[in-house]
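A.B. asks: Predicted coordinates and the sequence they were generated for:
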Amino acid sequence: MSALKSAEHRNPLRSQSVVLYFISDLHLSPQAPGATRLFLAFLGARARAAEHLYILGDLFEVWPGDDCIDDPENAFDGAIVDALRALTDSGVRLSVMHGNRDFLLGEEFAARSGAILLHDPYVLSLPAWQFVLAHGDTLCTDDKDYQAFRAQVRDPAWRRDFLKKPLTVRKAMAAAVRQQSEHAKREKLEQSQYLMDVNPAATDDFLREHGYATFIHGHTHLPATHDHLVDGIHVERWVMSDWHEDRGECLCWDGEHLSREVLIQA
């Protein structure tokens, strides 16, 4: 297996064809029109040069259930799903992983968008390299409150009960939870940054468990490329950036190189 080559490119035009794109943490909503325009432009142009697009969680700021696609009071979610469908209809494969904001993405979303829903973590074996993909939140083990919340909402019984409620009720509940989450995040950042980042020991155990594969994840909003030495083996961990109103980011694999690209509104 050849050595992984990495580089950072900020030029929006690439001279090499891209095989795979990886993105995460877009947090799309009607309240983020800039990020939404940037994403739609990405889907309509740049993403179509790829064979496969991987979205590793938090595509949406909130997802109260797949019936929001046809919500007569809000066409936003349906428009995003239609844009994803246009991408997959063009021949680009699409895989989507649940995040901590859109963990209720379901089979109807997958069918309507043409996406494959990935389990977390997911081992991606390619001819030239092996990656392990995750949203990243399970490794933030120092944040006990969040891990308890995650265990609750990922429980199948909780999901069934929640999805039985009317869409208007679910949307209101999700908005309240989101507001509480933002308040808690600010408090945790005031206490210590480490609560919002992955735990080093848990991360090394994860890398060991997954055969020292190159690790790609998001969630922390702390984009960087980290070098881990696990059992004497060098392993790279690529943390993806969250998207903003005026810029986004994607990781690109062209068959030999993994690189980081900034996306800016034209």
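C.D. replies: Alright, I've got the coordinates. Given the structure is predicted, the values throughout are model-derived calculations rather than measurements.
A.B. asks: and the residue lying closest to residue 123 once chain neighbours are set aside, which of the three is it?
C.D. replies: With CB to CB, 6 or more residues apart in numbering as the criterion, residue 123 has its nearest non-adjacent residue at 5.3 Å, and that residue is residue 132. In this view, the C-beta of every residue, glycine as well, is placed from N, C-alpha and C. Following DSSP: H, G, I helix; E, B strand; the rest coil, we place residue 132 in the strand state.
A.B. asks: does residue 132 really touch residue 122, like I thought?
C.D. replies: Yes: using CB atoms under 8 Å, residue 132 is in contact with residue 122, at 7.2 Å.
A.B. asks: Looking at these two, which has the bigger crowd around it?
C.D. replies: The residue with more neighbours, out of residue 132 and residue 122, is residue 132; 22 against 16, by other CB atoms under 10 Å.
A.B. asks: what does stretch 80-98 contact?
C.D. replies: The contact list for stretch 80-98, computed with CB atoms under 8 Å, 6 or more residues apart in numbering, reads 28, 36, 39-40, 43-44, 47-48, 50-57, 59-60, 69, 105, 109-110, 112-120, 122, 133-135.
A.B. asks: Where do the strands of this protein begin and end?
C.D. replies: Counting by DSSP state E, the chain has these strands, from start to end: 5-9, 20-23, 52-56, 93-97, 116-118, 122-125, 130-134, 214-217, 224-230, 233-239, 247-253, 257-264.
A.B. asks: any chance of the ones you listed in JSON lines, with distance to residue 155 and mean pLDDT too?
C.D. replies: Formatted as JSON lines, the strands of the chain follow (distance: least, CB to CB, whole Å; pLDDT from 0 to 100):
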{"stretch": "strand 5-9", "distance to residue 155": "38", "mean pLDDT": "41"}
{"stretch": "strand 20-23", "distance to residue 155": "28", "mean pLDDT": "98"}
{"stretch": "strand 52-56", "distance to residue 155": "22", "mean pLDDT": "98"}
{"stretch": "strand 93-97", "distance to residue 155": "19", "mean pLDDT": "98"}
{"stretch": "strand 116-118", "distance to residue 155": "18", "mean pLDDT": "98"}
{"stretch": "strand 122-125", "distance to residue 155": "21", "mean pLDDT": "97"}
{"stretch": "strand 130-134", "distance to residue 155": "20", "mean pLDDT": "98"}
{"stretch": "strand 214-217", "distance to residue 155": "23", "mean pLDDT": "98"}
{"stretch": "strand 224-230", "distance to residue 155": "32", "mean pLDDT": "97"}
{"stretch": "strand 233-239", "distance to residue 155": "28", "mean pLDDT": "98"}
{"stretch": "strand 247-253", "distance to residue 155": "32", "mean pLDDT": "96"}
{"stretch": "strand 257-264", "distance to residue 155": "35", "mean pLDDT": "94"}
